[in-house]
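S.K.: Curious how this folds, go ahead:
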Amino acid sequence: MSTRTFALAFGIVFLAVGILGFVPGVVQPLHDGHEPVMGNGGQLLGLFPVNELHNAVHILFGLWGLVASRSLGGSINYGRAVAIIYAVLTVAGFIPGLSTMFGLVPLYGNDIWLHALLALVGAYFGWVHRNPATA
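M.R.: Residues are numbered from 1 along each chain as shown. Down below sits the predicted model:
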């Protein structure tokens, strides 16, 4: 897979996840024990805590990925940004107060391992992967 394809695929998936986060049947109510966040919090697919702001961020990352996929340099920078931002979000998910970004966005639970996985994939395409044109 090329770095441009990575950015396109991540863009499509982030956009789809962001939109799905607004679909009531796909988002289930939060159970007891979840940290409170602003807006209507729920669990996407019953697994990942989200709210409206979280969904909006996914949509923005999706649009960014679609735009970044138009060039190799943009795709590499997108991969690096995903790696850094999602690594920070992974760590924040473990820290009380930051695990909800002060009540704005849920980053705890299954979001932690998912953010770590996204950071690793972004790091691979941002720094490790060599495209045929640049090898």
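
S.K.: what about the helices in the protein?
M.R.: For the chain, applying DSSP state H gives helices covering 3-20, 52-68, 72-92, 110-123.

S.K.: Which one of the ones you listed lies nearest to Leu44?
M.R.: Proximity to Leu44 (Cβ to Cβ) singles out helix 3-20 among the helices of the chain, at 6.5 Å. The C-beta positions use only the backbone N, C-alpha and C, and glycine is treated the same way.

S.K.: ok, the residue nearest to Gly41 when sequence neighbours are not counted - contacts?
M.R.: Leaving aside its sequence neighbours, Gly41 sits nearest to Asn51 (Cβ to Cβ, 6 or more residues apart in numbering; 4.5 Å). Contacts for Asn51 (Cβ atoms under 8 Å, 6 or more residues apart in numbering) come out as 37-42, 105-106.

S.K.: May I have the phi/psi pair for Asn51?
M.R.: Backbone torsions of Asn51, given as degrees, to the nearest 10, read phi -150, psi -180.

S.K.: pLDDT at it, what is it?
M.R.: The model reports Asn51 with a pLDDT of 94.

S.K.: now the residue nearest the centre of the chain: how far from Asn131?
M.R.: Nearest to the mean C-alpha position of the chain, counting by Cα atoms, centre = their mean, stands His58 at 5.8 Å. Per Cβ to Cβ, to the nearest Å, His58 is found 26 Å from Asn131.

S.K.: again with Ala92
M.R.: Ala92 is 31 Å from Asn131, by Cβ to Cβ.

S.K.: Tell me which of these two has more neighbours.
M.R.: Higher neighbour count among Ala92 and Asn131: Ala92, with 19 against 15, using other Cβ atoms under 10 Å.

S.K.: roughly how far apart are the closest residue to the more buried one other than its chain neighbours and Asn110?
M.R.: Counting by Cβ to Cβ, 6+ apart, Leu98 is the residue found nearest to Ala92 once chain neighbours are left out, at 4.0 Å. Applying Cβ to Cβ, the value for Leu98 to Asn110 is 17 Å.

S.K.: just checking, what packs against the worst-scoring helix or strand of the chain on mean pLDDT?
M.R.: Here the helix or strand of the chain ranked lowest by mean pLDDT, DSSP states H and E is strand 27-29, holding a mean of 90. Secondary-structure packing of strand 27-29 (3 or more Cβ pairs under 8 Å, 6 or more residues apart in numbering; DSSP states H and E): strand 42-44.

S.K.: All set, thanks.
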